[in-house]
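Fold the following.
(one chain, ligands or ions: 3)
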Amino acid sequence: MQSIELSDIELKTVNDVLASLTAKFTSSSDPEFVRQCAVFAHELPQRLRAELNAFRLEASGGVLSIRGFRIDDVATGPTPEHWRTHADRASTLPAEMYFMLCASLLGDPIAWATQQDGRIMHDIFPIKGHENEQLGSGSEELLTWHTEEAFHPLRADYLGLACLRNHDRVATTFASVDDLELTGEIRDLLCQERYPIKPDRSHLPHHGEDNREMSTRERELLSRSYEWIMAKDSEPDRVAILFGDREAPYLRIDPFFMEDAYAVPDSARAMKAIVAEVDRNIRDYVLEPGELLFLDNYKIVHGRVPFTARFDGTDRWLKRLNVARDLRKSRDRRIDHDARVIH
Ligand SMILES: NC(=[NH2+])NCCC[C@H](N)C(=O)O
Ligand SMILES: O=C(O)CCC(=O)C(=O)O
Ligand SMILES: [Fe+2]
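Numbers count the residues shown, from 1 in each chain. Ligands and ions are numbered 1, 2, ... in the order given. Prediction:
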């Protein structure tokens, strides 16, 4: 794992940049801020930019931790109850902007029309009623390891997590495809497009009782997205789990939503082999307040250990970003050339 801790001088540079940005913008999703993020990011300390660049070029293991940003726990205010009722909060703006700037050095942050009401900046905290769900907002159940949006052809290249609060030291889990020991025969099977995968529950319409304002065109696109998700749920795509270079492959897998893959003996054998290897390599990693963790979503699977939420404003609180290297790939599902929401 690649890690960096900001020095006092670097932290001052970061805070100076953020002070001028928070004076100009009141939200990390202000379209003008989002548009210019990659330009503002040039002002981050050189060493930080170099680490992000090395990570983007796969010079290291696919996990980058950036520590040293300070979060004032009291000033942050209570962990919200739900992302829907929680509007932009001034207290978390600097942390969100810092996160956006770093992410912009890897690519362009994107949003899903069918997830968290189409927001770019996701909130991850336990939500009452989701305790036993396989969702970022769950708590009592192990969040089983997965590629983020494994089912989706336009899934993010990188997943970013920014920790605002983690009093209970609840661990994120991750493992790298580079560490898996698999025989040639199993590799060959895993490279075949034969594993049915269903959309995860975070994209289903019943999580989307949204009241966001939308144009007629956006409304149409949103219902088209939900129809597409429902179609993939009843008729899942058959995908390859390993792809790219045979010796140093990328992976795409979310076993919890790949039950049907066990119906065919060869597929079942290959699934069992890779699941056992990931289980052998998965490790716990406790995020600290102020820490950013970037994961290469083509090489790393991740999850979260179970925990008991208090729902009293002190629970673990992360922000999450999905970053695409090439926005153009999703052009036919975005309303405008520079829109970030994928429908
Ligand atoms: N194995 C899984 N639980 N997969 C689904 C992951 C959760 C999903 N990404 C969310 O935003 O809530
Ligand atoms: O909470 C975490 O550490 C990871 C959450 C996650 O994987 C998700 O929400 O998809
Ligand atoms: Fe995830």
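
what's the closest non-adjacent residue to residue 224?
Leaving aside its chain neighbours, residue 224 sits nearest to residue 343 (6.5 Å; criterion: C-beta to C-beta, 6 or more residues apart in numbering). C-beta here means a position set from N, CA and C on the backbone, and glycine is covered the same way.

Distance of the one you found relative to residue 325?
Counting by C-beta to C-beta, to the nearest Å, the separation of residue 343 from residue 325 is 20 Å.

now swap in residue 198 and tell me
25 Å.

quick one: which of those two has more around it?
Taking other C-beta atoms under 10 Å, residue 198 and residue 325 do not tie; residue 198 has more neighbours (20 against 13).

Give the full set of residues in contact with that one.
Shown in contact with residue 198 (C-beta atoms under 8 Å, 6 or more residues apart in numbering): 151, 232, 233, 236, 257, 258, 260.

same question, residue 58
296, 299.

Could you pull up phi and psi at it?
Per-residue torsions, residue 58: phi 60, psi 30 (degrees, to the nearest 10).

how close does it get to residue 49?
For residue 58, the distance to residue 49 equals 17 Å [C-beta to C-beta].

One more: residue 177?
According to C-beta to C-beta, residue 177 stands 26 Å off from residue 49.

and what of residue 181?
Counting by C-beta to C-beta, the gap from residue 181 to residue 49 is 35 Å.

Equivalent analysis for residue 94, please.
19 Å.

for whichever residue of the stretch 101-250 of the chain sits closest to ligand 2, helix, strand, or coil?
Nearest to ligand 2 in the stretch 101-250 of the chain, going by C-beta to the nearest ligand atom, is residue 136, at a distance of 2.3 Å. Following DSSP: H, G, I helix; E, B strand; the rest coil, residue 136 is assigned to coil.

ok, it - how many residues close by?
23.

related to what we said a few turns ago, surely the residue nearest to residue 224 and residue 336 touch.
No - the pair residue 343 / residue 336 is not scored as a contact, 11.4 Å apart, by C-beta atoms under 8 Å.

Tell me which of those two has more neighbours.
Using other C-beta under 10 Å, the more surrounded residue of residue 343 and residue 336 is residue 343, with 23 against 9.

Just give the nearest non-adjacent residue to the residue of the stretch 101-250 of the chain closest to ligand 2, would you?
In space, residue 136 is closest to residue 124, 4.4 Å off (C-beta to C-beta, 6+ apart).

What parts of the stretch 51-200 of the chain come near ligand 2?
Proximity of the stretch 51-200 of the chain to ligand 2, by C-beta under 6 Å from any ligand atom, involves residues 124, 136, 143, 148, 161, 172.

could I get those as TSV with pLDDT and secondary structure?
Conversion of these to TSV gives the following (pLDDT from 0 to 100; DSSP: H, G, I helix; E, B strand; the rest coil):
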residue	pLDDT	secondary structure
124	98	strand
136	97	coil
143	98	strand
148	98	coil
161	99	strand
172	98	strand
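
What is the nearest of those to ligand 1?
residue 136 (3.7 Å).

I figured residue 186 hits residue 269, correct?
Yes - Residue 186 is within contact range of residue 269, at 7.5 Å (criterion: C-beta under 8 Å).

More neighbours: these two, which one.
In this view residue 186 and residue 269 are compared by other C-beta under 10 Å, and residue 186 has more residues nearby, 20 against 13.

How is that one assigned, secondary-structure-wise?
helix.

Residue numbering should commence at 22 henceforth.
Fine by me, first position is 22 from now on; the one you just mentioned is residue 207.

So for it, what's the pLDDT?
Residue 207 is assigned 98 on the pLDDT scale.

buried ones in the helix or strand of the chain with the lowest mean pLDDT?
Every helix and strand in the chain was compared by mean pLDDT, DSSP states H and E; the lowest is helix 237-255, with a mean of 92. Across helix 237-255, burial judged by 16 or more other C-beta atoms under 10 Å covers 239, 242, 243, 246, 247, 249, 250, 253.

Please apply the same query to stretch 200-214.
201, 203, 207, 208, 210, 211, 212.

give me every residue that touches the second one.
I take that to be residue 203. 211, 294, 295, 298 are the contacts of residue 203 under C-beta under 8 Å, 6+ apart.

for these, which one is nearest ligand 2?
So of the contacts of residue 203, ranked by how close each gets to ligand 2 (C-beta to the nearest ligand atom), first place is residue 295, at 18.7 Å.

tell me what the helix or strand the closest one falls within is packed against?
Using DSSP states H and E, residue 295 sits within helix 286-302. Counting contacts by 3 or more C-beta pairs under 8 Å, 6 or more residues apart in numbering; DSSP states H and E, helix 286-302 packs against strand 192-197, helix 205-211.

Can you list the buried residues in that helix?
Result for helix 286-302 [16+ other C-beta under 10 Å]: buried residues 288, 291, 292, 294, 295, 298, 299, 302.

which residue lies farthest from the center of this structure?
residue 286 (32.3 Å; C-alpha atoms, centre = their mean).

and that one, how far is that from residue 293?
Taken as C-beta to C-beta, the span from residue 286 to residue 293 is 11 Å.

Check residue 313 too.
In this view, residue 313 and residue 293 are 35 Å apart by C-beta to C-beta.

Check residue 171 too.
In terms of C-beta to C-beta, residue 171 sits 18 Å off from residue 293.

next one: residue 226
33 Å.

Am I right that residue 295 is in contact with residue 261?
No - judged on C-beta under 8 Å, residue 295 makes no contact with residue 261 at a distance of 11.8 Å.
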